[in-house]
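Undergrad: Take a look and give me a structure for this.
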Amino acid sequence: MTGTPRSRRLLVAAGCALVLGLTACAAPLPQPEPEPVPAVAPAATTVFQSQDVLTDVGEVLAAADAALDAAQLPPRVEGPALAVRTAEYARATATAGAKPPTALPTDEQALIVPQTDVWPRTQLVVTKQPDDLQAPRILVMQQTAPREPYRLWGWGRMGAGVQMPATAAPETGSPVLAPDATGLLVTPTEALQQYADVLANGAASPYAASFQLDTFRTSIEAARAATVAGVQAAGSATETYTPEAAPVVTLQTVDGGAIVVGQLTTVSTVTLTVAGGTIPISDPFYAALTGKQSAASNFVRTFTDVLVMYVPPAGSGALVQLLAAEHAVTSATAE
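TA: Model prediction:
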């Protein structure tokens, strides 16, 4: 038997209702859920990743040091470290190896890793003591962009008797503070500016009372005094200390203070004031940089300085302390 058109329409309608009913009763499809956002940014690298970076940096340094070839450095060395190492190779060549490049161990005794998800990323490495029994170094490692490798940006020699302030475990990472961060004895930017003034003016600086006396400062003052004494009445000797506009990185310490890393440029100028005199350039390194054995008017040396300092929290009663520093000639002129 065949149904009437009306009955066929009813069956179709019933079928549609059944499909709709089944659809309405079906369990909803699972939806993808995003990963929960962490309460704080993660550590920038794992301990194993940091150790791999140090191995790679050490291999590049070893190869370049053996050949005294600065062209091999850029894959893993940049910034002040590249400028200083390049000058050290020139010094080693000029002195026939008598003054070799600074020993830079890449075996860590402590890692200070930033807690961040942005770039650039800068971490600090406190090295083991070098074989020549000099002070440990603090290596400054920086990654400028996600697809760039970490490179050695700079280093500083730790001062005698210096103890590093406590920082977060590398697995957790240390919070990164802004250059104008408050809650500290002084802001990170002010710390660099004020220390430059202390280097220039010593105890006469209005900021001298905020800084612990350190061996870097006393060595700068002694070298400057020796230069002035060497010139005597035949000329004048001056030095300027210019900090970069902002720190390279500021990492919070456990006590609410901060480790601040920055750069200075020191310019030492000797100018003749007696007609007919000359400034002898007997050091083979300076002779190589200037291409001259003497200067008839002035002799200028430019130093690249890397500073690592601890700035205590406001109200703690503690002073700003220089933890490590490097002071190296990177260029010279003679006229």
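Undergrad: Quick one: mean pLDDT for stretch 237-253?
TA: Mean pLDDT, stretch 237-253: 97.
Undergrad: try stretch 64-78
TA: Mean predicted confidence for stretch 64-78 is 98.
Undergrad: what bridges to the residue nearest the centre of the chain?
TA: For the chain, residue 140 is the residue whose C-alpha lies nearest the centre (CA atoms, centre = their mean; 4.0 Å). Following DSSP bridges, residue 140 is listed with bridge partners residue 124, residue 154.
Undergrad: For it, list the residues it contacts.
TA: 81, 122, 124, 152-156, 248-249, 261, 306, 308 (CB atoms under 8 Å, 6 or more residues apart in numbering). Quick note: C-beta positions are derived from backbone N, CA and C, even for glycine.
Undergrad: which residues in the stretch 1-150 of the chain form helices?
TA: Ranges of helices in the stretch 1-150 of the chain, per DSSP state H, counting those that start in this stretch, are 5-25, 47-67, 79-94.
Undergrad: Going by mean pLDDT, which of those helices comes out lowest?
TA: Looking at those, the weakest mean confidence is helix 5-25, a mean of 38.
Undergrad: can you pull the contacts of residue 288?
TA: 90, 91, 93, 94.
Undergrad: can you check residue 95 too?
TA: Contact analysis of residue 95 by CB under 8 Å, 6+ apart lists 284, 285.
Undergrad: Same check on residue 63?
TA: Residue 63 touches residue 72, counting by CB under 8 Å, 6+ apart.
Undergrad: And it, how close does it get to residue 56?
TA: Computed as CB to CB, to the nearest Å, the residue 63 to residue 56 distance reads 11 Å.
Undergrad: isn't residue 145 right up against residue 118?
TA: No. Using CB atoms under 8 Å, residue 145 is not in contact with residue 118, being 10.5 Å away.
Undergrad: Can you add distance to residue 173 and neighbour count and give the contacts of residue 140 back as JSON lines?
TA: Output for the contacts of residue 140, formatted as JSON lines (distance: CB to CB, whole Å; neighbours: other CB atoms under 10 Å):
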{"residue": "81", "distance to residue 173": "23", "neighbour count": "26"}
{"residue": "122", "distance to residue 173": "12", "neighbour count": "25"}
{"residue": "124", "distance to residue 173": "12", "neighbour count": "26"}
{"residue": "152", "distance to residue 173": "20", "neighbour count": "27"}
{"residue": "153", "distance to residue 173": "18", "neighbour count": "24"}
{"residue": "154", "distance to residue 173": "21", "neighbour count": "29"}
{"residue": "155", "distance to residue 173": "21", "neighbour count": "24"}
{"residue": "156", "distance to residue 173": "21", "neighbour count": "26"}
{"residue": "248", "distance to residue 173": "17", "neighbour count": "23"}
{"residue": "249", "distance to residue 173": "12", "neighbour count": "27"}
{"residue": "261", "distance to residue 173": "16", "neighbour count": "25"}
{"residue": "306", "distance to residue 173": "22", "neighbour count": "25"}
{"residue": "308", "distance to residue 173": "18", "neighbour count": "29"}
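Undergrad: Out of those residues, which comes closest to residue 168?
TA: Checking the contacts of residue 140 against residue 168 by CB to CB gives residue 124 as the nearest, at 12.1 Å.
Undergrad: any idea how far residue 79 is from the closest one?
TA: Residue 124 is 14 Å from residue 79, by CB to CB.
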